[in-house]
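Colleague: Give me a 3D structure for the following:
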Amino acid sequence: MRRFFHLKRRVEASPNAEGRLKHIAFIMDGNGRWAKKRGMPRSYGHAAGASNFRKIIEYCGSIGIGAVTVYAFSTENWKRPREEVDAILKLFTDYLSEAEKSFSEKDICVRFLGSKAVFPAPLRERMEALERASTGKRQRLNIAVNYGGRDDIVHAVNALISEGKTTVTEEDITSHLYTSESPPPDLIVRTGAERRISNFLLWEMAYAELYFTEVLWPDFDERQVDLCVKDFYERKRRFGGL
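Modeller: Purely as a prediction, here's the structure:
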């Protein structure tokens with residue numbers, strides 16, 4: 001009985017108890033600055049950020065958020081120093097290895113947003129295999145890698161042209177985006193003090209709520225998620241109406 005009471009309290013205390021927050025997207029910013037403050041190389045910050053990513057994804061699922069999208073690597077990030085790019089891609093490969101071993105234990109459907117064409121064939125095949133293997137899972141995790149919002153729209157339009165479309169609707173474009181299997185994001189959170197979108201989910205965020213925080217991504221913990229969710233429920237979403 002005591003265990004049931006504690007579980008009941010946890011459910012009642014969930015910051016997402018109303019269930020209206022179905023999709024949250026994170027711009028995970030501040031890894032490099034977090035490392036610099038500690039006198040460490042930027043790769044150290046990216047490793048800390050990757051570890052925190054796993055924790056935050058699991059917490060979002062535990063409070064009933066059905067879809068989470070993370071901005072892991074943009075089409076513009078290729079301009080960064082080769083050493084930093086290699087470190088990020090190494091972390092991405094490590095995540096794939098971890099996911100391949102544990103996906104059967106987790107109720108998470110993984111999708112990679114962005115063109116996979118730039119990646120070596122073995123890495124592409126692993127990404128596609130994980131997507132297939134995790135199909136049908138309850139929680140959706142979108143990992144935006146080699147992703148750009150403008151590129152996503154261009155990709156969708158070109159796909160429609162190849163299908164013979166001469167005119168398109170909003171629904172046509174939405175259904176051909178990399179995020180077509182997910183609901184639009186309700187809340188977009190950017191850590192690290194910057195207040196810009198950086199080419200992220202440009203089409204999908206039309207009516208998303210935006211939340212900016214100075215907390216650097218490696219320090220963004222469960223309490224910070226709760227603060228975001230609380231802020232979301234204090235807003236009135238009008239979607240263009242009154």
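Colleague: Check which element follows the host helix or strand of Arg140 along the chain.
Modeller: For Arg140, the element it lies in under DSSP states H and E is strand 139-147. Using DSSP H and E, the next helix or strand after strand 139-147 towards the C-terminus is helix 149-162.
Colleague: Give me the buried positions along that next one.
Modeller: Residues 149, 151-152, 155-156, 160 are the ones in helix 149-162 that count as buried (16 or more other Cβ atoms under 10 Å). To be clear about C-beta, it is placed using only N, CA and C from the backbone, and glycine gets the same treatment.
Colleague: got it, and stretch 179-198?
Modeller: Of all the residues in stretch 179-198, those buried under the rule 16+ other Cβ under 10 Å are 179, 182, 184-192, 197.
Colleague: ditto for stretch 118-126
Modeller: Quick answer for stretch 118-126 (16+ other Cβ under 10 Å): 119, 126.
Colleague: Contacts for it next, please.
Modeller: 93, 96, 100, 116-117, 127, 146 (Cβ atoms under 8 Å, 6 or more residues apart in numbering).
Colleague: so where's the chain uncertain?
Modeller: The chain contains residues with pLDDT under 70 at 1-13, 241-242.
Colleague: Mind jotting down where the helices sit in it?
Modeller: In the chain, the helices defined using DSSP state H lie at 2-12, 31-37, 42-62, 82-102, 121-133, 149-162, 170-176, 222-233.
Colleague: Would you mind putting the buried residues of helix 149-162 into CSV with distance to Asp29 alongside?
Modeller: Converted to CSV, the buried residues of helix 149-162 look like this (distance: Cβ to Cβ, whole Å):
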residue, distance to Asp29
Gly149, 16
Asp151, 20
Asp152, 20
His155, 24
Ala156, 26
Leu160, 32
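Colleague: hang on, the earlier thing: direction included, what does the strand holding Arg140 pair against?
Modeller: Note on strand 139-147: by DSSP bridges, its sheet partners are strand 67-74 (parallel), strand 108-113 (parallel).
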